[in-house]
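Q: Need a 3D model of the sequence below.
(one chain, ligands or ions: 1)
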Amino acid sequence: MRADAHSGPLGDLPPEEFSRHAESLARWIASYLRDGERYPVLAQTSPGALVAALPAQAPTAAEPLAEILADLDRVVMPAVTHWNHPGFLAYFANTASVPGILAELVTAALNQVGILWRTSPALVEMEQVTTGWLRDAMALPSDWFGMITDTASVSTLQALAAAREMDPSLEIRHRGMAGRPELPRLRLYCSMQAHSSVDKAAITLGIGAENVVRIATDAECRLRPELLQSAIGADRAAGFRPLAVIATVGTTSTTSVDPVPAIAAICRREGLWLHVDAAYGGAMALLPEARHLFAGVEGADSLVMNPHKWLFTPMDCSVLWTRHPAVLKRTFSLTPAYLETQEQDVALSLSDYSFQLGRRFRALKLWFVMRAFGTEGLAARIRQHCTLAQTFAEWVRATPTWEVLAPVPMSVVCFRHRPTDMTDEAALERHNAGILERVNASGRVFLSHTKLGARYVLRVAVGNLRTQEAHLAEAWRLLGEAAAAQSVPVCR
Ligand code: PLP
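A: Take a look at the predicted model:
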C-alpha cells in the first residue's frame, strides 16, 4: 500500500477497525433503543446551534473514528428530535425497528446501486418480492406491479406523471406543455384534506397549482363525490382536460377515508386515472377487520403506502403500485447507449419505471421487517395502536371542557381543550397552541396540531412500536396541567 505523507495509508480504513467500532456502536444503539426516554423527545435546541458547534471548514487531516463517534453524543444527540421515542405522538409517528436498523447496516455495506438488473439483481428482485408480499398482505389486486421510492411525495409524483402519459396523443413527454395553445389545461381533483404532495406534484409536472381542484368534504372530512362529479362536468364544459383524481385512505389531519367506491365509479365513467394515497392508512389493510376501509381500491390505477410511516421500517421506504406498469415505463424509460445490456428485454430494470436512475436497496429493510415480525405480528402491533388511540379518545370524551373533533378510524385522535366561557375560534387557537407549546417543552412527549376549517386542533398519533398506555397517560396528564396553567391569568 502506498503511504501518504499526511493521512497514512491510502484506501479505506481497515476492516478490523470497522469491527471494533461497529461493536461499540452496536452497544450504543442498543442502549439508545433501550433507554431512549432519557432524551427529550423534541430537540431542545435553537436554530443554528449545531452549525455553531462545528468547525466552519472540513478537517484537512484524518481524525480518529473514536473521536467522530464521541461527537455523536456531544454534537448530534442534542439536536435530534427522537422519532424513536415512545412519547413521539406528532404527525404520523413511526419507528426504526431493530430488524430495520440491522438491514440499513447491511444496505450501507453492500452499497447497491439499482440502475439496471445487472447492477444489482438482488435489489431488483427483492423489490419485486417484498412489494408483492406487501400487496398480498394488504389484499390488493394480485396483478399490481410494485416498486419502492423514497417518499409518498415521489410515489404520487410518479403516478401522476404516468396519468399524464396515459393518453399518448397529448404528446407531453416529447413536446412538453409550454407554448401549445391546442393543449387543454389539465386538471387534478382531490379533497380539501388531501396531502400537499398533490399540489407539489402538480407544480413539478407543470400542471400548475391552480389546476388542483380541491373538493369540499363532509362532516367527517371525506371527499363529497357528488361535488367531484359536478366539478369535472363544469371543467369539461369550460374546456379543461380532467386528468386524475387522488383519493385518500387515511388523511393527514384526521385519517378520514374518502368514499373510494363512488370515486372509482366516477373515474371509470370519466376515463380518469385514480391514484389512492394510503401513505399512512395503508398499514391498516393488514388487519382483516379493517379491510372495509379499502373498499373500492381495487378500481384504482395506482396506490401509495409508506412502510416508513406505520410499518416500522426506517426512513425511507414508500411503495407505489400500479395496474399499468407499461404506462409507467412509457413515462420514464430512457436508455442511453452506455446502459444497454444483452438481458434488457428479459430482465427488469427499475430505472425504466422511475425518474431516478440509481436507487438504494430499500427492499432489504422491508424484507427484514416483514420477516422479523411476520404479517400477523405487524397486524397485531397496528391493532394495538388503534386500541391505544381509542383509549385516549375515551379519556378526552369523558372529561368536561375537552372534546374529540373527528372520528378515530385509525390511530390518530384530533381534540382540543374548550373552556366553557371560550367560544371565539381565535381565542381557542391561542389557548390550545399555548397548551401544545407547554406540553412539548416538557420533553416527555411531542404532539402536533392541525386546522380543521377555522378550528385549531391538537393531534395525538400513535404509531411508534414502543408507545404504551403509560406514555399516553403521561401525555394526558401533561395536557391537563398545561390547560390549567394556560387558563390562569398572568399577573403583571
Ligand atoms: N400522503 C399523506 C396522506 C401523508 O400524510 C403524507 C405525510 O405525512 C404524505 C403523503 C407525504 O409523505 P412523504 O413524507 O413520504 O412524502
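Q: What residues does the stretch 251-400 of the chain have near the ligand?
A: Residues of the stretch 251-400 of the chain lying near the ligand by CB under 6 Å from any ligand atom: 251-252, 277, 279-280, 306, 318. From N, CA and C alone the C-beta is placed, and that goes for glycine too.
Q: Select from those residues every entry located in helices.
A: Among those, none falls in helices (DSSP state H).
Q: Reformat those residues as TSV; add neighbour count, pLDDT and distance to A347.
A: What follows is those, written out as TSV (neighbours: other CB atoms under 10 Å; pLDDT from 0 to 100; distance: CB to CB, whole Å):
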residue	neighbour count	pLDDT	distance to A347
T251	28	97	39
T252	21	97	38
D277	29	98	31
A279	29	98	30
Y280	29	98	34
N306	27	98	28
S318	25	98	24
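Q: ok, of those, which one's closest to Y91?
A: T252 (8.2 Å; CB to CB).
Q: Give me the pLDDT for the closest residue to that closest one other than its chain neighbours.
A: Spatially, and ignoring its direct neighbours in sequence, T252 is nearest to H195 (5.2 Å; CB to CB, 6 or more residues apart in numbering). You'll see H195 listed with a pLDDT of 97.
Q: again with G36
A: 89.
Q: One more: the one 10 residues further on?
A: At S46, the predicted lDDT confidence score is 93.
Q: how about it, phi and psi?
A: The phi/psi pair for S46 (degrees, to the nearest 10) reads phi -130, psi 160.
Q: sorry, back to before: between the residues of the stretch 251-400 of the chain next to the ligand, which is closest to A122?
A: S318 (20.0 Å).
Q: Is the ligand within reach of the helix or strand F415 falls within?
A: F415 is part of strand 412-417, with elements assigned from DSSP states H and E. No. Strand 412-417 lies apart from the ligand when judged by CB under 6 Å from any ligand atom; the minimum separation is 10.0 Å.
Q: gap between the residue nearest to T252 and A216?
A: From H195 across to A216, the span is 17 Å (CB to CB, to the nearest Å).
Q: how distant is stretch 91-101 from the center of its chain?
A: 12 Å (CA atoms, centre = their mean, to the nearest Å).
Q: distance between the ends of it?
A: Terminal residues of stretch 91-101 are spaced 22 Å apart (CA to CA, to the nearest Å).
Q: near the ligand, which residues of the stretch 101-250 of the chain show up?
A: 151-153, 195, 197, 248.
Q: And for the residue nearest to T252, the neighbour number?
A: 20 (other CB atoms under 10 Å).
Q: so where is the protein shaky, pLDDT-wise?
A: Residues of the chain that meet the criterion pLDDT under 70 lie in 1-8, 488-492.
Q: give me that answer again for 50
A: Residues of the chain meeting the criterion pLDDT under 50: 1-5, 492.
Q: For it, which segments are assigned as strands?
A: Remark: strands assigned in the chain by DSSP state E are 3-4, 8-9, 145-149, 186-191, 212-215, 241-248, 273-277, 302-305, 318-322, 402-404, 412-417, 448-452, 455-461.
Q: Going along the chain, name the helices of the stretch 151-300 of the chain.
A: Under the criterion DSSP state H, counting those that start in this stretch, the stretch 151-300 of the chain contains helices at 152-165, 172-175, 197-204, 225-237, 260-270.
Q: Need these in CSV (columns: distance to F446 and mean neighbour count).
A: Listed next are those as CSV, based on distance: least, CB to CB, whole Å; neighbours: other CB atoms under 10 Å:
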stretch, distance to F446, mean neighbour count
helix 152-165, 21, 24
helix 172-175, 43, 13
helix 197-204, 23, 20
helix 225-237, 36, 16
helix 260-270, 32, 19
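Q: Please dump the ones you listed into CSV; it should also carry distance to L183 for every row.
A: Listed next are these as CSV, based on distance: least, CB to CB, whole Å:
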stretch, distance to L183
helix 152-165, 11
helix 172-175, 8
helix 197-204, 15
helix 225-237, 15
helix 260-270, 19
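Q: Can you tell me which of those is nearest to A337?
A: helix 172-175 (19.6 Å).
Q: could you say what helices and strands that closest one packs with?
A: Under the contact criterion of 3 or more CB pairs under 8 Å, 6 or more residues apart in numbering; DSSP states H and E, helix 172-175 touches helix 152-165.
Q: Tell me how far the helix it packs on lies from the chain's centre.
A: The answer for helix 152-165 is 15 Å, by CA atoms, centre = their mean.
Q: Restricting to C-alpha, output it in CSV.
A: Output of helix 152-165 as CSV, limited to C-alpha atoms (Å, rounded to 0.1, in the frame of the first residue of the first chain):
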residue,chain,number,x,y,z
ALA,A,152,-45.0,9.2,-0.8
SER,A,153,-44.4,12.6,-2.4
VAL,A,154,-42.3,11.0,-5.1
SER,A,155,-44.6,8.0,-5.5
THR,A,156,-47.5,10.3,-6.1
LEU,A,157,-45.4,12.5,-8.5
GLN,A,158,-44.6,9.4,-10.5
ALA,A,159,-48.1,8.1,-10.5
LEU,A,160,-49.4,11.5,-11.8
ALA,A,161,-46.6,11.6,-14.4
ALA,A,162,-47.9,8.2,-15.6
ALA,A,163,-51.5,9.5,-15.6
ARG,A,164,-50.4,12.3,-17.8
GLU,A,165,-48.8,9.8,-20.2
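Q: Need the residues that contact that helix.
A: 149, 170, 172-173, 186, 188, 195, 197-198, 200-202, 204-205, 207, 243-244, 246, 273, 275, 277, 279, 301-302, 304, 306, 318-320, 322, 324, 327-328, 330-332, 353-355 (CB atoms under 8 Å, 6 or more residues apart in numbering).
Q: cool, and stretch 98-109?
A: With CB under 8 Å, 6+ apart, stretch 98-109 has contacts from 22, 29, 33, 96, 312-314, 360-362, 364-365, 367-369, 371-373.
Q: Quick one, which of these are buried?
A: Those of these that meet the buried threshold are 33, 96, 312-314, 360-362, 364-365, 367-369, 372-373, by 16 or more other CB atoms under 10 Å.
Q: If anything else comes up later, I'll come back, but that's it for now.
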